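> Pasted the sequence and its predicted model underneath.
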Amino acid sequence: MTLEEYGALFGEALSRTRIAVPGGTLLHRVADEVLEMAAAYQSDGTAFLRGDDPVNAFAAFAYGLGWLDAGSRLGLLEPFAAHPPVLVDACIPDSQSAHLDEKTHRYRRMLRSALAAVEAGPDEASSLRAGAEALHSEAHSWYTEGVERLEAGDLAGALVQFSYGYAWLDAGIRAGLLGITGERGLFTV
């Protein structure tokens, strides 16, 4: 899959997505924010791609798809679907290798710090506690896979894993399932 095809896949997924909760409810407001974030990153990724910045385009598409998938998993968005990171064919030219290296390592550090800077928000007796823990676990899983790809020398693969996983944390915070216990600047709040 090319980077252009990855962006098109995101655009198609976004066009099919609808808010799944009734209008006027608190959860509708959260769903609207999650969908808005996904759409913003689809737009950003497209702009980066047109501006010949494949590194930021790739990260934006993965991050936006993470928001979309987290919203779906939370039951805020429909259809219930998943768009986990995919392998994109040689989308980053050699001339951008330093940019890719810097961004990938920075996102690794940021996601590692972000994972340590959140905790489940709902009371442990609440059924939402398990959902909060699942969001954190999902983000941690993508972090772990990103580290494995990075150690194997696959910078683009690692970047997409880190970006996608990061979105799960941010969506969990927006939904009120995760609380920030550390540096707030690590999150889109």
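Received the coordinates, thanks.
> CA atoms for contacts and neighbours, from now on please.
OK.
> Any stretches of this structure with poor pLDDT?
The model of the chain has pLDDT under 70 over residues 89-90.
> As a check, name the ranges of all strands in it.
Taking DSSP state E as the test, the strands found in the chain are 18-19, 77-78, 118-120, 178-180.
> What strands flank the second one, and is each parallel or antiparallel?
The sheet places strand 77-78 alongside strand 18-19 (antiparallel), with pairing taken from DSSP bridges.
> what does the strand it pairs with contact?
Contact with strand 18-19 is made by 28, 31-32, 35, 76-79, as judged by Cα atoms under 8 Å, 6 or more residues apart in numbering.
> With distance to residue 98 as new columns, can these be given to me in TSV?
Formatted as TSV, the contacts of strand 18-19 follow (distance: Cα to Cα, whole Å):
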residue	distance to residue 98
28	42
31	37
32	36
35	32
76	38
77	37
78	38
79	38
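> Between those, which sits nearest residue 13?
Among the contacts of strand 18-19, residue 79 lies closest to residue 13 (Cα to Cα), at 9.3 Å.
> so what's that closest one up against?
16-18, 72.
> from the residues you listed, which would you call buried?
By neighbour count, with 16 or more other Cα atoms under 10 Å, the contacts of residue 79 hold 17, 72 as buried.
> Just the ones in helices from the contacts of residue 79, please.
Per DSSP state H, helices hold the following members of the contacts of residue 79: 16, 72.
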